[in-house]
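Asker: sequence and computational prediction follow.
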Amino acid sequence: MSGSLKTLKGSIAMGNVTREAQEAQEAWDTHYGEGRTFRPLGDVELTFLRELVPAPPGGGHALDVGCGLGDLARHLAATGYTVDAVDFAASALSTAEQTPPASGTVRFVQCDIERDPLDGLRSSYDLIAFRLSYAFIGDRTRVMHRLRERLRPGGAVVVITPVVAGVPADRRAIALDEEEITLLSAGWHTVERRDAEGLAFLVLRDPAPGPVAYRGKGRPFPARLDRCGRRGDRRSGPGATGQVAAGDMGAARRQERRR
């Protein structure tokens, strides 16, 4: 059993960030530094992971995007995956690294999944997971296209997320609505959806060819998530990934504001 921490050289390490991005990173570092966390893995989630995306015979490789304190990464490692767990909050990763998995290997990587080069990650994964983090991605089209290229044939993307219908109005930003879920699902030939105690548990396989737009949105800072609670609170909330990025989703955001 082992764990390690690596920083990918890119926008975080070299300072090539916007003021908004820097503020977001500092806010998440403060959030985790104060001992805050989010909903722990539930029994239903563990069952779905075991039944729907078990590690291949002989072991596989998994990428945990927005890993936070590393609960999912450690679980995947214990079930046979070798895991790269990425987050852009240094305080989350330094805490996560202190608890090694019961078995297997987790490599914790400080990385902005939207903007940093991904050269330090593996070229292919059997499983790519977003647990409570997908709603926080600003440029979803860029991220999903980057990561789809790294999904092995026969592999799966798992998105575990709160849904708008199940959260208070003031926490809408941490959840996906049905339109967002439909757009996410449209990029895949095979989609399976389960309910995990109020969370949508999506398994996406066999990416469709050609470009797909996933719809982006601004990401809330931790200050807007006060109701997510401190360590041990079981209410849903996200893990942090990189900053809101400009680019190919800018027009989509402008269109959203006109609706």
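Answerer: Nice, I can see it. Since the structure is predicted, the reported quantities are computational estimates derived from the model, not experimental observations. Residues are numbered from 1 along each chain as shown.

Asker: all helices for the protein, in order.
Answerer: Counting by DSSP state H, the segments of the chain that form helices are 11-14, 19-33, 43-52, 71-78, 90-97, 140-148, 178-185, 250-258.

Asker: ranges for the strands of this structure?
Answerer: If DSSP state E is used as the criterion, the strands of the chain fall at 2-7, 60-65, 81-87, 105-110, 125-131, 151-162, 188-196, 199-207.

Asker: low-scoring stretches of the chain, by residue?
Answerer: 1-18, 215-259 (pLDDT under 70).

Asker: can you do 50?
Answerer: Within the chain, the stretches with pLDDT under 50 are 9-16, 218-259.

Asker: got the contact list for residue 70?
Answerer: The neighbours of residue 70, taking CB atoms under 8 Å, 6 or more residues apart in numbering as the test, are 3, 64, 85, 93, 96-97, 99, 106, 108. Where C-beta positions appear, they are placed from N, C-alpha and C, glycine not excepted.

Asker: ok, back up a step: just the helices of the chain: most buried one?
Answerer: Comparing the helices of the chain on average neighbours per residue, with mean count of other CB atoms under 10 Å, the densest one is helix 71-78 at a mean of 25.

Asker: looks like residue 131 contacts residue 64 (just checking).
Answerer: Yes. With contact defined as CB atoms under 8 Å, residue 131 counts as touching residue 64 (7.2 Å).

Asker: next, show the common contact partners of these two.
Answerer: Shared contacts of residue 131 and residue 64, defined by CB under 8 Å, 6+ apart, are found at residue 72.

Asker: which one's more surrounded, the two?
Answerer: Using other CB atoms under 10 Å as the criterion, residue 131 and residue 64 rank with residue 64 on top: 32 against 27.

Asker: who's in contact with the more buried one?
Answerer: Under the criterion of CB under 8 Å, 6+ apart, the neighbours of residue 64 are 70, 72-73, 76, 83-86, 129, 131.

Asker: as a markdown table, those residues with distance to residue 181 would be great.
Answerer: Supplementary listing: those in a markdown table, determined by distance: CB to CB, whole Å:
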| residue | distance to residue 181 |
| --- | --- |
| 70 | 26 |
| 72 | 20 |
| 73 | 24 |
| 76 | 23 |
| 83 | 25 |
| 84 | 26 |
| 85 | 24 |
| 86 | 23 |
| 129 | 16 |
| 131 | 15 |
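
Asker: quick check: the farthest pair among those?
Answerer: Based on CB to CB, the longest span within the contacts of residue 64 runs between 84 and 131 and measures 14.3 Å.

Asker: and of the helices of the chain, who's closest to residue 116?
Answerer: helix 11-14 (5.5 Å).

Asker: distance-wise, check residue 118 relative to residue 158.
Answerer: Using CB to CB, to the nearest Å, one gets 19 Å for the distance from residue 118 to residue 158.

Asker: the more surrounded of those two?
Answerer: More neighbours sit around residue 158 than around the other of residue 118 and residue 158, counting by other CB under 10 Å; the figures are 23 against 18.

Asker: so what's that one closest to, chain neighbours aside?
Answerer: Closest residue in space to residue 158, ignoring its immediate chain neighbours: residue 129 at 4.6 Å, by CB to CB, 6 or more residues apart in numbering.

Asker: show me what contacts the one you found?
Answerer: Under the criterion of CB under 8 Å, 6+ apart, the neighbours of residue 129 are 62-65, 72, 76, 157-160.

Asker: could you single out the nearest of those to residue 212?
Answerer: In terms of CB to CB, no member of the contacts of residue 129 lies closer to residue 212 than residue 157, at 12.5 Å.

Asker: run a quick neighbour tally on the closest one.
Answerer: Applying other CB under 10 Å, we find 26 residues neighbouring residue 157.

Asker: the nearest residue to it once chain neighbours are set aside and residue 140, how far apart?
Answerer: Beyond its immediate neighbours in the sequence, the residue positioned closest to residue 157 (CB to CB, 6+ apart) is residue 204, lying 4.3 Å away. Per CB to CB, residue 204 is found 13 Å from residue 140.

Asker: with residue 149 instead?
Answerer: The value you get for residue 149 to residue 140, if CB to CB is used, is 15 Å.
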